[in-house]
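Novice: Okay, predicted coordinates and the sequence, questions at the end:
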Protein chains: 2
Amino acid sequence: MMSDDDCKTWCQLRQNAVVQPLLTDLYQITMAYAYWKSGKTNDYAVFDLFFRKNPFQGEFTIFAGLEECIKFLEKFQYSNSDIKYIKSTMPASVDPAFFDYLKNINLNDVTIYAMQEGSVTFPRIPLLRVEGPLIIVQLLETTLLTLVNYASLMATNAARYRLVAGKNITLLEFGLRRAQGPDGGLSASKYSYVGGFDGTSNVLAGKLFNIPVSGTHAHSYITSFISIDDLQAKTLAHKQTGEVFDLLELASKYRDAIAEDIGGIVSEASDGELAALISYAIAFPERFTALVDTYDVKRSGILNFCAVALALNDLDYKAIGIRLDSGDLAYLSNATRDIFEKLAVKYNIPWFAQLTIVASNDINEETIISLNEQSHKIDCFGIGTHLVTCQRQPALGCVYKMVEINDQPRIKLSQEVGKINIPGKKNAYRLYGADGYALIDILQRSTEEAPQIKQKVLCRHPFQESKRAYVIPTHVEPLHKVYWKNGKLCEPLPTLIQIRDRVQESLKTLRNDHKRNLNPTPYKVAVSDNLYSFIHNLWLQNAPIGELS
Amino acid sequence: MMSDDDCKTWCQLRQNAVVQPLLTDLYQITMAYAYWKSGKTNDYAVFDLFFRKNPFQGEFTIFAGLEECIKFLEKFQYSNSDIKYIKSTMPASVDPAFFDYLKNINLNDVTIYAMQEGSVTFPRIPLLRVEGPLIIVQLLETTLLTLVNYASLMATNAARYRLVAGKNITLLEFGLRRAQGPDGGLSASKYSYVGGFDGTSNVLAGKLFNIPVSGTHAHSYITSFISIDDLQAKTLAHKQTGEVFDLLELASKYRDAIAEDIGGIVSEASDGELAALISYAIAFPERFTALVDTYDVKRSGILNFCAVALALNDLDYKAIGIRLDSGDLAYLSNATRDIFEKLAVKYNIPWFAQLTIVASNDINEETIISLNEQSHKIDCFGIGTHLVTCQRQPALGCVYKMVEINDQPRIKLSQEVGKINIPGKKNAYRLYGADGYALIDILQRSTEEAPQIKQKVLCRHPFQESKRAYVIPTHVEPLHKVYWKNGKLCEPLPTLIQIRDRVQESLKTLRNDHKRNLNPTPYKVAVSDNLYSFIHNLWLQNAPIGELS
């Protein structure tokens, strides 16, 4: 455990190191100068940060990254060295007074509305609404996008794994070695945990974020023992009595005794593997987990594991279980469970039937679904590459669009209707039915009154005139709160555990058909009648009348 | 530009912050304890870090990340706070002397062989060979993999874009907002540059790595100007004479004069866009580039851009060009080039025909190939999501396998032949033909003599007996050098630019059929006859004889 002070120091270092105002696209700074030069320092703009499509062919997204955005805002300031560097990228003709302006920028006049971190969210609902001086809110764009995009993608991916795995399976993130850079690995561990994983193999993530860490040994541990002769220490003391036993002798005895029960042949089992497992059991008698597929799961690994686990049992230690890292996981887990159950009966040690089976071979969402269909006896999945790189869709397409400037709404037209953004300052509400499930999200102009419970609310599709429905909500949840005002945080930030809990609570309010893996039902995001007219009037005003010729 | 000292300080901060011994999987530490506990502190092991398959369905990979590995090694030390944290993750029964051992670990006895950073490489050729005390080299595994995997994947991806784009196209990396975390974005910028990109939009990457940065404005800049009235400053001084002109008046005059030539109608062009472009030209008269697709490329954007560029020309400023961010890029670039050429003739300003056309709409390798087939007039691609997240394959599967322990070779068998690792300490050579192209890479036992030029070398497929060939090399390149020995770097590290140059030189030695996008010819990686026998003898010794029943 790290002290609060240690953590603070580290975070500051990290903050200074990477997440800082220069972590942005150059065009934000060239735009800032052009705005400044053309006298737009007092222009006031409103930007929405949102996405247009849920990731992974799903119908929901988890919003994450807010805390990191706030930390970025709290430290937003160009250093002298930043200014010097920015100068070097700009033409000599740039007015030097601009650099003084940049140096003195602060976020006192910026107001940020956000959804609660960990909430389920949907396309077009702003995750953040950022208001303030045009130049300044424009300068925040890239960094906010960077901090929200991957965090939300990762939390969503993890939440999807949790949904397909079910509540009773332990999910561990094992992806550091394949992550997109060292910090990609840290973010992956953090947001996997937020999305519903139980722990990570990443020690630094464990230390920094107080996430449970987990791990045993690799194949190299097993192969580093060539034969029984490599076993230097062979004894272990009884947990209660302290009496010292020869674990090799005990395990060898059990190996002979159970080989036939479990369909193995002692001469075919690897002695190097047995030596490795005994040495590991001596080091961690209370946490004995064994990787069993180094040579042959059935002929060697399981036999050796059970022999050592039974030996440990004689010394009053309960083994934890095994890890399978290759092969047919459904078949092997069932076969292994049968063996555990058989030995539990044979030796009258009931807990032996419940030994943990961990699987960790290139697992993805589809693997878990397929294993569920075949039926398996796995208790825990260790998931790496597919989880942390979000292989199925490695980027969430969050965008940051101007919706209002100097109280005038802005609409960005596009050939694709789905790419038209919804103009003006808006509030969003989630309407719930009597059964507690979310029915629909509705965007309204910020000047409209909130929908009322037990009153009819006309919900309209933002672009299709004929798609309308009346909804009578039992509960109305405003989706945004002010998190940043007058240069500081103004809403307490939840802890990581609270965000993690929020994800599960928020997902519970979503009907299962929206959450299923195959062809989920889209959840509806509507606009109020008032906002509908507002959008379409603006659209007509701005769209040129074509000519057919 | 950052001073060397600034840079050093920053790197140290960054180093301390993320890349540190705790950035690892917990099982490395639990294994370390089990090794220590079983008296294996003097065991000496050799690990190969390699991958089994080239990414992106290609037939080559660029090795990158070595410098970051070295920086990690140089600072390898567990802090007191690390030890405290590690203790908290371990059972109370762990011998406290182990923590003293951990605290005092240093890398004086570790030797690391590596390929030159920026080299083309192939499956099974070790990128790193790490030798030293078993416990210590095992503790390095995860971090080394993390530092090599994404760096190499990213550099390879960038190199592939360069290959399809050709030498004369400018390639810019625009992916920060979609990268996998803030540091993912920084690594992407760095290794895109290494792989052959010309610059990045990422300002921090520019500052830290001295990479050219690039950027102009976003759609929001254009939409923030609603009409001509938003234009507060309208004048600009002539570059030579200093005489002040009304740029709006000039541009409006040109807009009227050219509308017909380029098939536009002035009343349909956006005045807000014109205002935005004039303001931008006033801020950056020597770097005028315009995003032209906010409203309508042909009816509005190009007309407004040309009007402003011609006005600037009257003041002796040469505009840079335009950026297209949507639509049919082949068609629009050709149409735009035609307009530029027409106006170059009309106004007798030849450089106008060569204005730069940048395209930046969701570009990937296939888009570029397809644009090349259609023929286009784009000079520069700005590439984001697909590049930085390596969407087509977001992880390289580097592994770190024990190949020898205490002078005994280790082989890890697998049902899949491709997953069997090549045992023992090996050297690798690249054999070149008389035309300068690389013919084959060969792995030999480290005790064998290097292949000689002009002498027959028997090259064998590592697993298929009948696949053999004699090669008579004109040039033999040893692929590994010792980079780390006696606790320090022992080979000078190249600069980023040198690594970038190395990528292009190294790619030049590879025949085009290995590099092409569609069905490239596999480049062969062979083993010497001696190594072949060595592998297969070991294999037979270790593989159990099955029984059919």
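Specialist: Ah, there it is. Residues are numbered from 1 along each chain as shown, chains lettered A, B, ... in the order given.

Novice: and the closest residue to residue A:277 other than its chain neighbours, how many neighbours does it have?
Specialist: Using CB to CB, 6 or more residues apart in numbering or on different chains and skipping residues adjacent in sequence, the residue nearest residue A:277 is residue A:308, 4.7 Å away. All C-beta spots, glycine's among them, are computed from the backbone N, C-alpha and C. Counted by other CB atoms under 10 Å in any protein chain shown, the residues lying close to residue A:308 total 29.

Novice: where's residue A:308 relative to residue A:423, distance?
Specialist: According to CB to CB, to the nearest Å, residue A:308 stands 67 Å off from residue A:423.

Novice: Also residue A:73?
Specialist: Taking CB to CB, one finds residue A:73 at 25 Å from residue A:423.

Novice: Verify the stated contact: the residue nearest to residue A:277 with residue A:249.
Specialist: No - the criterion here is CB atoms under 8 Å, and residue A:308 misses it with residue A:249 at 11.9 Å.

Novice: Quick check: residues of the stretch 251-400 of chain A near chain B?
Specialist: Residues of the stretch 251-400 of chain A that fall close to chain B, judged by CB under 8 Å from any CB of the partner chain: A:268, A:279-280, A:282-287, A:294-296, A:299, A:326-327, A:385, A:389-391, A:394-398.

Novice: related to what we said a few turns ago, C-alpha coordinates for the helix or strand harbouring the residue nearest to residue A:277, CSV please?
Specialist: For residue A:308, the host element (DSSP states H and E) is helix A:302-314. Output of helix A:302-314 as CSV, limited to C-alpha atoms (Å, rounded to 0.1, in the frame of the first residue of the first chain):
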residue,chain,number,x,y,z
ILE,A,302,-3.1,-32.5,-13.5
LEU,A,303,-1.5,-35.6,-12.1
ASN,A,304,1.4,-33.7,-10.7
PHE,A,305,-0.9,-30.9,-9.4
CYS,A,306,-3.2,-33.3,-7.6
ALA,A,307,-0.3,-35.2,-6.1
VAL,A,308,1.2,-32.0,-4.6
ALA,A,309,-2.2,-30.6,-3.5
LEU,A,310,-3.0,-33.9,-1.7
ALA,A,311,0.4,-33.8,0.0
LEU,A,312,-0.3,-30.2,1.1
ASN,A,313,-3.6,-31.3,2.4
ASP,A,314,-1.8,-33.7,4.7
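
Novice: Partner strands of the following helix or strand past that helix and their direction?
Specialist: Remark: after helix A:302-314, the chain's next helix or strand is strand A:321-324, criterion DSSP H and E. The pairing partners recorded for strand A:321-324 under DSSP bridges are strand A:289-291 (parallel), strand A:356-359 (parallel).

Novice: mind putting those strands in a markdown table, mean neighbour count, mean pLDDT and distance to residue B:63 included?
Specialist: Listed next are the strands paired with strand A:321-324 as a markdown table, based on neighbours: other CB atoms under 10 Å in any protein chain shown; pLDDT from 0 to 100; distance: least, CB to CB, whole Å:
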| stretch | mean neighbour count | mean pLDDT | distance to residue B:63 |
| --- | --- | --- | --- |
| strand A:289-291 | 25 | 97 | 29 |
| strand A:356-359 | 22 | 98 | 32 |
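
Novice: In a markdown table: the ones you listed, plus distance to residue A:98.
Specialist: Converted to a markdown table, the strands paired with strand A:321-324 look like this (distance: least, CB to CB, whole Å):
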| stretch | distance to residue A:98 |
| --- | --- |
| strand A:289-291 | 60 |
| strand A:356-359 | 58 |
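
Novice: Out of these, the one nearest residue B:445 is which?
Specialist: Closest of the strands paired with strand A:321-324 to residue B:445 is strand A:289-291, at 28.9 Å (criterion: CB to CB).

Novice: So what touches that closest one?
Specialist: A:216-219, A:221-222, A:277, A:280, A:301, A:304-305, A:308, A:319-323, A:325, A:356, A:358 (CB atoms under 8 Å, 6 or more residues apart in numbering or on different chains).

Novice: Let me see the ranges of the strands in the stretch 201-350 of chain A.
Specialist: A:235-237, A:244-246, A:289-291, A:321-324 (DSSP state E, counting those that start in this stretch).

Novice: helices or strands next to the second one in the packing?
Specialist: Using 3 or more CB pairs under 8 Å, 6 or more residues apart in numbering or on different chains; DSSP states H and E as the contact test, the elements touching strand A:244-246 are strand A:235-237.

Novice: tell me the mean pLDDT for the strand it packs on?
Specialist: Strand A:235-237 carries an average pLDDT of 97.

Novice: Relative to that strand, what are the paired strands and their orientations?
Specialist: strand A:244-246 (antiparallel).

Novice: Which positions in the strand it pairs with come out as buried?
Specialist: residue A:245 (16 or more other CB atoms under 10 Å in any protein chain shown).

Novice: Quick check, pLDDT for the residue positioned nearest the centre of chain A.
Specialist: In chain A, the residue lying closest to the centroid (CA atoms, centre = their mean) is residue A:155, at 2.2 Å. Residue A:155 carries a pLDDT value of 98.

Novice: need the contact list for it.
Specialist: Counted by CB under 8 Å, 6+ apart, residue A:155 has contacts A:62-64, A:118, A:191-192, A:194-195, A:503.

Novice: Just send these back as a markdown table, with distance to residue B:44, neighbour count and secondary structure too.
Specialist: Output for the contacts of residue A:155, formatted as a markdown table (distance: CB to CB, whole Å; neighbours: other CB atoms under 10 Å in any protein chain shown; DSSP: H, G, I helix; E, B strand; the rest coil):
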| residue | distance to residue B:44 | neighbour count | secondary structure |
| --- | --- | --- | --- |
| A:62 | 47 | 29 | strand |
| A:63 | 51 | 28 | coil |
| A:64 | 45 | 31 | coil |
| A:118 | 49 | 25 | coil |
| A:191 | 40 | 30 | helix |
| A:192 | 36 | 31 | helix |
| A:194 | 42 | 29 | helix |
| A:195 | 42 | 31 | helix |
| A:503 | 47 | 25 | helix |
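
Novice: and which of the residues you listed is nearest to residue A:147?
Specialist: residue A:64 (9.4 Å).

Novice: what are the phi and psi values for that closest one?
Specialist: phi -140, psi 160 (degrees, to the nearest 10).

Novice: if you look at stretch A:422-434, does any of it touch chain B?
Specialist: No - using CB under 8 Å from any CB, stretch A:422-434 stays clear of chain B, with a minimum separation of 10.1 Å.

Novice: So what's the model's average confidence on that stretch?
Specialist: Rounded mean pLDDT across stretch A:422-434 is 97.

Novice: Quote the end-to-end distance of that stretch.
Specialist: Start to finish, the residues bounding stretch A:422-434 are 30 Å apart (CA to CA, to the nearest Å).

Novice: Check which residues of that stretch are buried.
Specialist: Buried residues in stretch A:422-434 (16+ other CB under 10 Å): A:422-433.

Novice: With respect to chain B, which of the residues you listed is nearest?
Specialist: Distance to chain B across the buried residues of stretch A:422-434 (CB to the nearest CB) is lowest for residue A:423, with 10.1 Å.

Novice: ok, the nearest residue to the closest one once chain neighbours are set aside to chain B distance?
Specialist: Leaving aside its chain neighbours, residue A:423 sits nearest to residue A:409 (3.9 Å; criterion: CB to CB, 6+ apart). Look at residue A:409 and chain B: by CB to the nearest CB, to the nearest Å, they are 10 Å apart.

Novice: just checking, residue A:409 touches residue A:539?
Specialist: No - when contacts are counted by CB under 8 Å, residue A:409 is not listed as touching residue A:539 (10.8 Å).
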